[in-house]
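Q: Sequence first, then the predicted structure:
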Amino acid sequence: MKIIPLSEGSFTVDVTKKFIPFRLSEDEMIARPQGSLLVQVQPFLVVTSKDILLLDTGLGFDHPAGGRLQLVQHLAENGFQTGDITKVLMSHLHKDHTGGMVNPAAGKPTFENATYYIQEREVAYAKERGAPSYDLSKIDPVFSGKVELLKEDAGTIDGYINYEVTGAHSKYHQVFWIRENDETIFFGADDAPQYQQMKHRFAAKYDFDGKKAMELRAKWWEQGKREQWQLLFYHDTHQPTVIPDTAA
Ligand SMILES: [Zn+2]
């Protein structure tokens, strides 16, 4: 399988949940506002023999070079059009993951041929909670397209993609394993957002259940080592993908 990280850059984010662009090379030495996190925002394209998968959809900012989504521009730079995407796998619906789901001007899904896989209970929860964590204007229009609402705590999509609801980072957050031939790609999204967090145990205050996320990371890291998973890190500023055994 081929993995293409589609980085939207680095951002600082604090309790207000605003994502402020941060230029790593120039700003690195400047103190960040206190209590803010430095994160990458990084959807992934995964090309399998059956599908062109998109894992989460970024912040939804427009590309500076012209009025289209950064995400769409990045796909084009890698030789893909919006119509090429066959499945969009959504880990959860926080706004830094849903920004590119829809074209707000058209009121339609950005990826016109894709089926969007979303956890049903996360949709209800997003509607209940709203801002600042959720942006419903980027969620509602997706239902005019093809959406498969996942209802179970765990299941299989198309025979080779497994999902599991963890309820760790957000109440109905889900993670995915994509398996083909001898390869396993693991997308833990915000339950496992950065490489360093896999190796150092800590419970994050920004998680719905920080202790559970911490335990899951330790479990996945060990299993990933044994089974040679390729891990994808949505918020890692330096290492988008890591295979544990070969990692420093
Ligand atoms: Zn996130």
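A: Good, I have the coordinates.
Q: can you tell me which residues contact the most centrally placed residue in the chain?
A: Geometric centre of the chain, nearest residue: residue 56, 4.0 Å, by CA atoms, centre = their mean. By CB atoms under 8 Å, 6 or more residues apart in numbering, the residues touching residue 56 are 43-44, 89-91, 97-98, 189, 234. Quick note: C-beta positions are derived from backbone N, CA and C, even for glycine.
Q: longest strand in this protein, by residue count?
A: If you go by DSSP state E, the chain has its longest strand at strand 174-180.
Q: how close does the residue nearest to the centre of the chain get to the ion?
A: According to CB to the ion, to the nearest Å, residue 56 stands 8 Å off from the ion.
Q: who in this protein is up against the ion?
A: Contact residues (CB under 5 Å from the ion) of the chain with the ion: 96, 190.
Q: before we move on, back to that, tell me which two of the contacts of residue 56 sit farthest apart.
A: Farthest apart among those by CB to CB are 44 and 98. That separation is 15.1 Å.
Q: Neighbour count: the two, which is higher?
A: The neighbour comparison of residue 44 against residue 98 (other CB atoms under 10 Å) goes to residue 98, with 25 against 22.
Q: Could you list the low-pLDDT ranges of the protein?
A: By pLDDT under 70, the low-scoring segments of the chain are 24-34, 246-248.
Q: those helices in it, which residues are they?
A: Assigned by DSSP state H, the helices in the chain fall at 24-27, 70-77, 95-98, 120-129, 195-199, 210-227.
Q: Serialize those helices to CSV and add fields for distance to residue 10.
A: Below are the helices of the chain laid out as CSV (distance: least, CB to CB, whole Å):
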stretch, distance to residue 10
helix 24-27, 5
helix 70-77, 13
helix 95-98, 12
helix 120-129, 25
helix 195-199, 15
helix 210-227, 22
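Q: among those, which is the most enclosed?
A: With neighbours defined as mean count of other CB atoms under 10 Å, those peak in mean count at helix 95-98, which reaches a mean of 23.
Q: For that one, list the C-alpha coordinates in PDB.
A: What follows is helix 95-98, C-alpha atoms only, in PDB (Å, rounded to 0.1, in the frame of the first residue of the first chain):
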ATOM      1  CA  LYS A  95     -13.000  20.500  13.500                       C
ATOM      2  CA  ASP A  96      -9.400  19.900  12.700                       C
ATOM      3  CA  HIS A  97     -10.400  16.600  11.100                       C
ATOM      4  CA  THR A  98     -13.600  17.600   9.300                       C
END
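Q: Who does the residue nearest to residue 20 when sequence neighbours are not counted form a beta bridge with?
A: Once flanking residues are discounted, residue 20 sits nearest to residue 12: 4.9 Å by CB to CB, 6 or more residues apart in numbering. Beta-bridge pairing of residue 12 under DSSP bridges involves residue 20, residue 38.
Q: okay, now residue 12: neighbour count?
A: 17.
Q: Residue 132 too?
A: 12.
Q: thinking it is in contact with residue 17, fair?
A: Yes - the criterion here is CB atoms under 8 Å, and residue 132 meets it with residue 17 at 4.1 Å.
Q: follow-up on the earlier one: right, and the helices of the chain - which one's nearest residue 244?
A: helix 210-227 (4.1 Å).
Q: so how far is the closest one from its chain's centroid?
A: 18 Å (CA atoms, centre = their mean, to the nearest Å).
Q: Likewise for stretch 12-24?
A: 17 Å.
Q: Enumerate the positions of that stretch that are buried.
A: The neighbour-count check on stretch 12-24 (16 or more other CB atoms under 10 Å) flags 12-13, 19, 22 as buried.
Q: closest to the ion among the residues you listed?
A: residue 13 (8.5 Å; CB to the ion).
Q: quick one: the closest one and residue 35 touch, right?
A: No - counting by CB under 8 Å, residue 13 stays clear of residue 35, with 10.2 Å between them.
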